[in-house]
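Visitor: Please work out how this folds:
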Amino acid sequence: MDGEALTALWERRWPGSPPVGHEIDPGERDVWVRFHSLPRSKRHPETEREYAIALERYNTVLDELFAGAEVYVITPVWTAEPGAPGDPVVRPAGELWRSWLQTDDPDPEFRTYCHVFVERREWRRGCLDGLLRRVADDEVAGVVVADTGLRRLHHPYDGGADVFLASTEERDRLRERHGDWLSEHPLLL
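Guide: Numbering: from 1, shown residues only. Reported below is the predicted structural model:
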């Protein structure tokens, strides 16, 4: 992976937003849509049936965005230390892409560093189910799945997914196909 080229592409496509799902600026609402992962906007799955529904929704949208293509799986990890985690239990798949001081504080115990890992892989339905299940359980946050041109972003979170598309028309078509998964909140329609 060429980290400098990927950083330059990210900054060109998503200026002012770090490559962390919940920090991507949805200010460009004309290409953004939010889907809920469970009926009636329930946030966390509690049964295997609810996990199946959440994974089905995540995978359906991911298939529509990336079927047959390579994707970047971007996963941030936060630590109190400036070095990236080496522990394989904590460290996500992929290579370290970027690190930065997220929260500065005079007391080192309260400093937070963000380390972003990226894995390039072929998208196929179900290939990220383990990660998506951890996202649904709020064990992992900030994940982004993107095409290699960074034109389409899928940010799964516990409760749904924010999707950024290449055009308003593409966003509208996706939103229409999955209208039952949209929030009923008037600001998110």
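Visitor: so how far is the longest helix anywhere in the chain off the chain centroid?
Guide: Ranked by residue count under DSSP state H, the longest helix found in the chain is helix 48-66. Its chain's C-alpha centre lies 14 Å from the corresponding centre of helix 48-66 when counted by Cα atoms, centre = their mean, to the nearest Å.
Visitor: Can you spell out which helices and strands pack onto that helix?
Guide: For helix 48-66, the helices and strands in contact under the criterion 3 or more Cβ pairs under 8 Å, 6 or more residues apart in numbering; DSSP states H and E are strand 32-36, helix 129-136, strand 144-147, strand 153-157, strand 160-164, helix 168-177. Bear in mind the C-beta positions are built from the backbone N, C-alpha and C, glycine included.
Visitor: right, and the helix or strand after the least confident helix or strand in the chain by mean pLDDT?
Guide: Every helix and strand of the chain was ranked by mean pLDDT, DSSP states H and E. The lowest is strand 95-103, at a mean of 91. Using DSSP states H and E, the helix or strand that follows strand 95-103 towards the C-terminus is strand 112-122.
Visitor: could you give the angle of that following strand to helix 48-66?
Guide: Computed by axes from the mean of the first three to the mean of the last three Cα atoms, to 10 degrees, the angle separating strand 112-122 from helix 48-66 equals 70 degrees.
Visitor: partners of strand 112-122, with directions?
Guide: According to DSSP bridges, strand 112-122 forms sheet pairs with strand 70-79 (antiparallel), strand 95-103 (antiparallel).
Visitor: Now do the shortest one: everything it contacts.
Guide: Outside strand 95-103, the residues that touch it by Cβ atoms under 8 Å, 6 or more residues apart in numbering are 1, 3, 6-7, 18-19, 74, 78, 82, 84, 110-119.
Visitor: Only the buried residues of the longest helix of the chain, if you could.
Guide: Residues of helix 48-66 classed as buried under the neighbour-count rule (16 or more other Cβ atoms under 10 Å) are 50-51, 53-55, 57-59, 61-62, 64-66.
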